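J.: Structure for this input, please:
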Amino acid sequence: MEEEASDMEVEEQQQPVQNNQSSTKRFGLKNSIQTNFGDDYVFQIVPKDDWASMAVSLSANSVKLYSPMTGQYFGECKGHSSTINHLSFSGASTPHVLHSCSSDGTIRAWDTRTFHQVSCITAGSSQEVFSFSFGGSDDNLLAAGCQSQIFFWDWRNKKQVACLEESHVEDVTQVHFIPGHQNELASASADGLICIFDTNGDINDDDHLESVINVGTSIGKVGFFGNFSEKLWCLTNIETLSVWNWKDGTNEANIEDARSLASDSWLLDHVDYFVDCHCSGGENLWVIGGTNAGSLGYFPVKYKGAAAIGPAEAVLGGGHIGVVRSILPMSIMQSQPAQSRGIFGWTGGEDGRLCCWMADDSPEINRSWISSELVLKSPRTRKKSRHHPY
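T.: Numbering: from 1, shown residues only. I've put the predicted structure just below:
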């Protein structure tokens, strides 16, 4: 049984607009869902291709499904025996299939209509699978980061087709087929390296490694942005931020004091960690920082010329009481159905809460507002189709 809290009543405090932008929209907490009655964390929130549901991974090694429009609970997928490290829905051809990978060494597929497991690939009993991505010329190539190795399978017959063992020496925390470049795979590791591979033909370390970017410290998360997805952002496990052009390997920004810069640009507590980066199309980039008390801020990243982090353009406060692990912005939808209008997005964290944030002028808002710059650009003004930042 799911417990859903009603709209939370919080004391209203006006947050000063710090970035002098003329057009901002206030938003705040619409409702909060407690995902369990125990001490589970929320790890990740991902949307179905048509946004009919969203999947939420929990520290109880299960996945729960909800409506991103109403918060309605749909069901639960159980089967993993260890931490779920990554989730992703299939594309339009099989939109009801959800994929998950885990430290139990498996990548599983779930039918979200029945919540039953429909497929399972095992990387090995001693392996941990930290990340996976589908790509290749026909989207049937599955790549996975498994400790210091990168495994490849043909998803159609579940047969392993390659294993890269020489490119990394520590855990491969991220693998991504690059949007718009579906034969190009980027891997990132705790060894501080980002490797770019061409996955055409028979994949091997010697012939298919195209370039290496040395970040210099353990990498936590990477993503792509830019009009042609040519830029790469990188968050490290010591909370530094860098921006690269992955095509030529050039470093465009390296912000080692990112937390301090973000902390100095708002009036709330010190920024303790970064959750993710956000891009709304084109070359704009925001880094999302959080406090241990659960407040979040969207900080614009200036990476051209002198690198800097600007004043927070969105602040989410009053929803969480612990570290936030995942953010699902509704602005990445191509077209928003009527019932979703006004919803800014969902967040989940170590307090076990799912919080829905509303972009409106409700009087029950606590220190929450949003810059119009964070809204996704119209598809007519963009040179490339939408892509996820991770």
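
J.: now residue 260: how far from residue 289?
T.: Residue 260 sits 11 Å away from residue 289, going by C-beta to C-beta, to the nearest Å. The C-beta positions use only the backbone N, C-alpha and C, and glycine is treated the same way.

J.: higher neighbour count, these two?
T.: Set residue 260 next to residue 289 and count neighbours by other C-beta atoms under 10 Å: residue 289 wins out with 30 against 14.

J.: Without its sequence neighbours, what residue ends up closest to that one?
T.: With sequence-adjacent residues excluded and distances taken as C-beta to C-beta, 6 or more residues apart in numbering, residue 289 is closest to residue 271, at 3.9 Å.

J.: And for residue 173?
T.: residue 130 (5.2 Å).

J.: Tell me who's in contact with the one you found.
T.: Each residue near residue 130 by C-beta atoms under 8 Å, 6 or more residues apart in numbering is listed here: 85, 86, 101, 103, 145, 146, 147, 171, 172, 173, 174.

J.: now do 10 Å
T.: Contacts for residue 130 (C-beta atoms under 10 Å, 6 or more residues apart in numbering) come out as 83, 85-86, 101-103, 144-147, 171-175, 189-190.

J.: per-residue confidence at the nearest residue to residue 202 once chain neighbours are set aside?
T.: Excluding its sequence neighbours, the residue lying closest to residue 202 (C-beta to C-beta, 6+ apart) is residue 162, at 7.2 Å. On pLDDT, residue 162 comes in at 96.

J.: element containing residue 162?
T.: For residue 162, the element it lies in under DSSP states H and E is strand 159-164.

J.: partners of that strand in the sheet?
T.: strand 149-154 (antiparallel) (DSSP bridges).

J.: The residue nearest to residue 289 contacts residue 262, correct?
T.: Yes: between residue 271 and residue 262 there is a contact under C-beta atoms under 10 Å: 4.3 Å.

J.: which neighbours do the two share?
T.: Shared contacts of residue 271 and residue 262, defined by C-beta under 10 Å, 6+ apart, comprise 239, 287, 288, 289, 290, 297, 299, 309, 312.

J.: out of those, who's nearest residue 218?
T.: Nearest to residue 218 among the shared contacts of residue 271 and residue 262: residue 239, at 11.0 Å, using C-beta to C-beta.

J.: rewinding a little: show me what the residue nearest to residue 202 bridges to in the sheet.
T.: residue 152.

J.: List the residues that contact the closest residue to residue 279 other than its chain neighbours.
T.: Take residue 279 and drop its neighbours on the chain: the residue closest to it by C-beta to C-beta, 6+ apart is residue 225, 3.8 Å away. Residue 225 makes contact with 179, 231-233, 243, 277-285, 387, 389, according to C-beta under 10 Å, 6+ apart.

J.: could you redo the last one with a cut-off of 6 Å?
T.: Taking C-beta atoms under 6 Å, 6 or more residues apart in numbering, we find residue 225 in contact with 231, 279, 285.

J.: now the protein, which segments are flagged as low pLDDT?
T.: Residues of the chain that meet the criterion pLDDT under 70 lie in 1-27, 37-38, 332-341, 359-390.

J.: Buried residues of the strand or helix carrying residue 187, list them for me.
T.: Per DSSP H and E: residue 187 is located in strand 181-189. Under the neighbour-count criterion of 16 or more other C-beta atoms under 10 Å, strand 181-189 has 181, 182, 183, 184, 185, 186, 187, 188, 189 buried.

J.: Residue 140 and residue 157 touch, don't they?
T.: No: using C-beta atoms under 6 Å, residue 140 makes no contact with residue 157, being 9.3 Å away.

J.: Give me the residues contacting the longest helix belonging to the chain.
T.: Longest helix in the chain, counting residues (DSSP state H): helix 258-263. Contacts to helix 258-263, defined as C-beta under 6 Å, 6+ apart, come from residues 239, 240, 241, 270, 271, 289, 299, 309.

J.: closest to residue 217 among the residues you listed?
T.: Relative to residue 217, and with distances defined as C-beta to C-beta, the nearest of those is residue 240, at 6.7 Å.

J.: Appreciated, that's everything.
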